[in-house]
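>>> Here is my input, please return the structure:
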Amino acid sequence: MKLYIKPGLIVTPDEVIEGKGIYIDIKSGRITKISEYFEKADIEIILPKDTIAFPGLINAHDHLLGTYWPRVSEGPHISWKPWDDDLKASELYKERSKIPNFYLYLFGAYKNLLSGVTTVMDHVPHKVNENFINKLPIRVIKNYTLAHEVSPYDLKWGEGIEIEHKKAVELDWPFVTHIEEGFDEESLKGIDYLKQYNALTDHTVMVHGLGLSDEDLDDIAKAKAHLITCPVSNYFMFKIIARLKEWFERNINVSLGTDSPMSGSINILEEMKFLKMAYKSKYGEDLDDRIILFMITKNPAKALRIQNEFGFIKQGYMADITIIKAKGDIYSSLVNAWFNDIEMVILGGKVIYAFSHYKEIFEKLYPQNSFSKAIIDGSERIIIGNLNTIMKQAYDFLGFKKELPFIPIELSE
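Sure, this is the predicted structure:
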């Protein structure tokens, strides 16, 4: 089965294409051609002219098991550890524990989907997420090795830094870890520890990096390692954001993540806006919206070693596409987008989220009716799965209706 979709503009993200559409082979889920209309497809979608197709957004750092609300233990803290202790001692943590882990993963998946994210890096040991991720409506990175943090008091994820990094190199996977998430003496030795274990390479993907010195950044740049920033979480926990300008000046590959909503943003849309505001506050200059686009498309694809299939709208690539309503400038349309600006989300060549007037497309793609209607932020949508049922079941586990700002759903009776 073949699908043809024509938005107003296509952002690859390296170039802007006008007047062409995207041909997709639904069986393989891949883009077969970007061109003017030249042959009939089984499903044809001509979108309004004020729409822009971007590569499916990539959330480079999340903890899906922590998808709950509100935030806990506002800082400033000296390191991540006091926050983690406060979280696990809180009444909210006890409340969250009433919900089965799979439902928390569903919360996390739909949180990302409603904001246009098609791929997420869930930073957690494989034994935690491996039974869930194939059952979710979005793509979750499966191939990675990890540590929790590079410090003596980390949570001991994985088999140790040296072994996990060596495995990443052998398998050509990313080695993902928090780094210098704090300012205590041990946190600030993070890069030194990585170098001691020969674990600072182009396979190394580091999150937060609040305490990184100029020397650390020079070492990271030389190693061609990767950094991920989560400014909402960083500001909530530490009242500071990372030294991003210094990261960019060294041409380090930088991506954007949300962290979990219990310390971070409610979604990637909020994260982009806060990043732009916080950068302006810190440096007195604007961060280019095009750079922010790269931080949620091709940059994380490179860091997570999936850049040959994801992060671009190109022939042969997986057809993960996020379509946004244009509001002025091409790139600011994405950075300033909110729930109702997400026109459509396509995952592996299939529409998985759209406004209700696209229902006929879902009926053609899903003859088993594995989709449903949902009122999201006041608008009627069609979405893969049954979000209404999921939320009602979650409320039953809790014993009350819980407002979650990252899933602004109006339940149908």
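>>> part of a strand, is residue 285?
No. Counting by DSSP: H, G, I helix; E, B strand; the rest coil, residue 285 falls outside a strand, being coil.
>>> what residue ranges in this protein score low on pLDDT?
Scanning the chain for pLDDT under 70 picks out the ranges 412-413.
>>> any idea which element the spatially most central residue of it lies in?
The centroid of the chain falls nearest to residue 59 when counting by C-alpha atoms, centre = their mean (1.3 Å). Using DSSP states H and E, residue 59 falls within strand 57-62.
>>> now residue 40: how far from residue 360?
Residue 40 is 17 Å from residue 360, where distance means C-beta to C-beta, to the nearest Å. Quick note: C-beta positions are derived from backbone N, CA and C, even for glycine.
>>> Repeat that for residue 382.
According to C-beta to C-beta, residue 382 and residue 360 sit 10 Å apart.
>>> And these two? Which one has more around it.
residue 382 (23 against 10; other C-beta atoms under 10 Å).
>>> Would you mind splitting this structure into its domains for me?
Domains of the chain are assigned by automatic domain parsing as 2-56+311-369, 57-303.
>>> Show the end-to-end separation of the first one, please.
Looking at domain 2-56+311-369, the gap from its leading to its trailing residue is 19 Å under the measure C-alpha to C-alpha, to the nearest Å.
>>> Work out the gap between it and the centre of the chain.
Offset of domain 2-56+311-369 from its chain centre (C-alpha atoms, centre = their mean, to the nearest Å): 18 Å.
>>> Any buried residues in stretch 251-261, and which?
252, 253, 254, 255, 256, 257, 258, 259, 260, 261 (16 or more other C-beta atoms under 10 Å).
>>> can you tell me which residues contact the second one?
Translated: residue 253. Residue 253 makes contacts with 224, 226, 227, 299, 302, 303, as judged by C-beta atoms under 8 Å, 6 or more residues apart in numbering.
>>> can you tell me which of those residues are in strands?
When DSSP state E is applied, the contacts of residue 253 are split such that 226, 227 fall in strands.
>>> Identify the farthest-apart pair in the contacts of residue 253.
Pairwise distances across the contacts of residue 253 (C-beta to C-beta) peak at 12.9 Å, for the pair 224 and 299.
>>> Those two: who's more crowded?
Between residue 224 and residue 299, counting by other C-beta under 10 Å, residue 299 is the more crowded of the two (25 against 15).
>>> wouldn't the more buried one be in contact with residue 254 here?
Yes. Using C-beta atoms under 8 Å, residue 299 is in contact with residue 254, at 6.2 Å.
>>> so what sits against both of the two?
Counting by C-beta under 8 Å, 6+ apart, the residues touching both residue 299 and residue 254 are residue 226.
>>> that older thread, let me know which of the domains of the chain is the nearest to residue 397.
With C-beta to C-beta as the criterion, residue 397 lies closest to domain 57-303 of the domains of the chain, at 5.0 Å.
>>> Check the secondary structure at residue 313 for me.
coil.
>>> Run through the residues that contact it.
Counted by C-beta under 8 Å, 6+ apart, residue 313 has contacts 10, 11, 12, 13, 22, 31, 34, 53, 54, 55, 321.
>>> Around the third one, how many other residues sit close by?
Read that as residue 12. Neighbourhood size, residue 12 [other C-beta under 10 Å]: 18.
>>> ok, for it, nearest residue in space, not its chain neighbours?
Distances taken as C-beta to C-beta, 6 or more residues apart in numbering place residue 313 nearest to residue 12, at 4.9 Å, with adjacent residues excluded.
>>> how near is that neighbour to residue 251?
24 Å.
>>> What's the separation between residue 13 and residue 353?
Relative to residue 353, and taking C-beta to C-beta, residue 13 is found at 20 Å.
>>> Please identify which of those two sits among more neighbours.
residue 353 (30 against 21).
>>> residue contacts, residue 274?
By C-beta under 8 Å, 6+ apart, the neighbours of residue 274 are 231, 232, 235, 265.
>>> Give me the phi and psi angles of it.
phi -70, psi -40 (degrees, to the nearest 10).
>>> cool, and residue 237?
According to degrees, to the nearest 10, residue 237 has phi -90, psi -30.
>>> Does it touch residue 78 like I think?
No. Look at residue 237 against residue 78 with C-beta under 8 Å: they stay out of range, at 10.2 Å.
>>> Give me the more crowded residue out of these two.
Taking neighbours as other C-beta under 10 Å, residue 237 and residue 78 compare with residue 237 leading, 28 against 14.
>>> Distance of the more buried one relative to residue 112?
For residue 237 relative to residue 112 (C-beta to C-beta), the value is 21 Å.
>>> from what I can see residue 191 touches residue 220, true?
Yes. Contact status for residue 191 versus residue 220: in contact at 7.1 Å, counting by C-beta under 8 Å.
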